[in-house]
Structures are given as structure tokens and as C-alpha cells.
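Asks: Sequence plus predicted model, see below.
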Amino acid sequence: MARALNTEWRFIDSPSLSAQENMSIDASLLTGANLPVFRLYSWEPNCFSIGRFQKIEEIKDWHIYGKKWAQRITGGGLLLHGFDVSYTVVMPIAMLGKRSVKQSYEYICEFLLNFYKNLGLHPHWAKDILPDSLSHSSFCQEGFEPYDIIIEGKKIGGNAQKRTKDVILQHGSIPIQNDPRAQAGYSLEAFGISLDIKKTKALLKKSFCDTYDIRSKS
């Protein structure tokens, strides 16, 4: 079991917000958090976010994915929202010890592996079962990074990081329902799992606390 270096975290349960509002909150947490933070949130229907290095005008036919979008402070590709629950982890880099960037992904994403396992699924790291398929893409759900989570050969969700000198922020998405838009990828519904937003948040929080043996401070 992974262990956190600090046992007290602030827990934030945000309502469904716009893409701009959600990404604005994450940006503020990166610079203003005074405790390790675990945030769970959802999105208004049919919005999307793009990576910090992307330019909206360079994404072909971007308007077919919706008119409401925001640019993340993290990298990666275009990610569709509105049928998912997202998380944000913010903590001092010192809490990661001597872990490298890649090792930090594995450490922080471990609670997601346990979340999927608790649903009766069999998740794996992309690096372990699809090493020849690792690649970048303009769309998050079409690229394969080493610590992407794969279930039955299919990628689910995505995760990205932003670091300052002293703080790390990692956020990611857990698709819970099928999204009819192209490049949406796979959801829990595609694997026969039916969860609403409230239940998903509760299970994610439990998995996070159990995985790192922590308590939350609301």
C-alpha cells in the first residue's frame, strides 16, 4: 500500500462547473494551497479542455466538440468533459521524496488503479501491456503515455501534471458515461459499470484515503 508523507489533507467537493471555472480553481490551488489538497469535481455538459501547449485555432474542427472550453495549466491533448468526474491533487514536491516525474505518476495514480479494481475491473499501466503503442496525440484519449490506465486493452481517462519549484499539481478524468462525441474514448459505462457523479466521488475519495492511509480535512 502506498503511504503519504503527511496524514492530513484538505478535501474539496466542487459542484458541476464550467470548463473555465474548473481550470481557474485548479490554477488557484497550485499557487494558494496551504495544505495538501484532494479535489473532486464535475463539468457542465459538452465542454472540453486543451493542453497548455495547444492552440485552439490549430485543432481542426474544434467547434464540433462544443463552444465552452478552457486551457489547462498542464500539458496533454484535447479532453472532452461533461460525462466524467475529475480529480486534482496538490501537494508539496517534498512529499514525493526522491521519486522521478515518471515515478510520481505511478505513485499518484495508484489510487485510481485501486478505484477500478474495487469496481471489479482489471486495470494495468499502458507501459506494461501496450509498450509498442506508446504515443502522443492531439486528443488525450487517443494517445498512450506510460502510466495511462488500460482496461481490457482500452484506455480510460487521462492524467497530467504541473510543477512549480515547490508544489506539484496532478489532475485527471474518470469517464463514467459514454460521450457521443468523436475522440471521447471509453467510459465505465462501456465496461458495464453504472455510477452517478455522487457515488463516483464517494468511491474515489475512499480509494484515495485508503491507498495513502490519510484522513481528509474538509
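Replies: Thanks, I have the structure now.

Asks: mind checking how far Glu8 is from Leu35?
Replies: Distance, Glu8 to Leu35, by C-beta to C-beta, to the nearest Å: 7 Å. No exception for glycine: its C-beta is placed from N, CA and C like everyone else's.

Asks: Which of the two has more residues huddled nearby?
Replies: Under the neighbour definition other C-beta atoms under 10 Å, Glu8 and Leu35 were set side by side, and Leu35 has more, 14 against 11.

Asks: in which helix or strand would I find the nearest residue to the more buried one once chain neighbours are set aside?
Replies: Using C-beta to C-beta, 6 or more residues apart in numbering and skipping residues adjacent in sequence, the residue nearest Leu35 is Arg10, 4.5 Å away. Using DSSP states H and E, Arg10 sits within strand 8-17.

Asks: Quick check: mean pLDDT of the helix or strand containing Gln170?
Replies: Assessed by DSSP H and E, Gln170 sits inside strand 167-175. Mean pLDDT, computed over strand 167-175, is 95.

Asks: Same question for stretch 101-118.
Replies: Averaged across stretch 101-118, pLDDT comes to 94.

Asks: Just give the nearest non-adjacent residue to the residue nearest the centre of the chain, would you?
Replies: Centroid check for the chain by C-alpha atoms, centre = their mean gives Gly172 as the closest residue, at 0.8 Å. For Gly172, ignoring the flanking residues on the chain, the nearest one in space by C-beta to C-beta, 6+ apart is Asn159 at 3.5 Å.

Asks: check contacts around the one you found.
Replies: Going by C-beta atoms under 8 Å, 6 or more residues apart in numbering, Asn159 touches 105, 108-109, 112, 147-148, 170-172.
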